[in-house]
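Colleague: I'd like to go over a predicted model; first the sequence, then the structure.
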Amino acid sequence: MSMLTMYWIIKLDDFRCALNGAWAASFTMFVVVVVVLGILGSDYGFEWFWKRCRPILLLLVFGFASLLVRSFLPSTKQMAAIIVIPAVLNNERVQVLGDKALDTGDLLLTLAQEYIQEHLKKPEGGNNASHNSNF
């Protein structure tokens, strides 16, 4: 992984934060301008209001576009998971370690079963008290 790729992965959270700010600012400006123009427009009529509001709609479009981009932009943790997990899982050394771990796990399971079978057998024809006398 190159240094440039690492830089962009680290900066993803900053971009998401900036897009949050852009969305909030554009939506707030849109609401304020529409309210102010609505109050002024009540004196001048609907056509005057619509002429002034049409350019302001660009703020709303920009705000929703930034919200949409932000929703599809992964966070740093998500991007790291997207890159790192497949790289680790597809690594040959990790796959060999996984096979060895399975073999070791099978061996441990077999040894544990043998130990349980040997030590938990009831004494033949007898009294459990003599068996418990070792404690």
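Modeller: Nice, thanks for sending it over. Quick caveat, the model's predicted, so the values are computed rather than measured.
Colleague: The residue nearest the centre of the chain and Val88, how far apart?
Modeller: The residue lying closest to the centre of the chain (CA atoms, centre = their mean) is Gln78, at 4.6 Å. Going from Gln78 to Val88 by CB to CB, to the nearest Å gives 16 Å. Placement of C-beta: from N, CA and C, glycine included.
Colleague: Could I get the phi/psi values of the residue nearest to Leu19 when sequence neighbours are not counted?
Modeller: Excluding its sequence neighbours, the residue lying closest to Leu19 (CB to CB, 6 or more residues apart in numbering) is Arg70, at 3.9 Å. Torsion angles at Arg70 (phi, psi; degrees, to the nearest 10) stand at phi -60, psi -40.
Colleague: Can you tell me how far Arg70 is from Phe15?
Modeller: Taking CB to CB, one finds Arg70 at 8 Å from Phe15.
Colleague: for Val32, same thing?
Modeller: Separation of Val32 from Phe15 (CB to CB) stands at 26 Å.
Colleague: Which neighbouring elements make contact with the longest helix belonging to the chain?
Modeller: Taking DSSP state H as the criterion, the chain has its longest helix at helix 3-44. If you count contacts as 3 or more CB pairs under 8 Å, 6 or more residues apart in numbering; DSSP states H and E, helix 3-44 packs onto helix 46-72, helix 76-89.
Colleague: Thanks a lot, catch you later.
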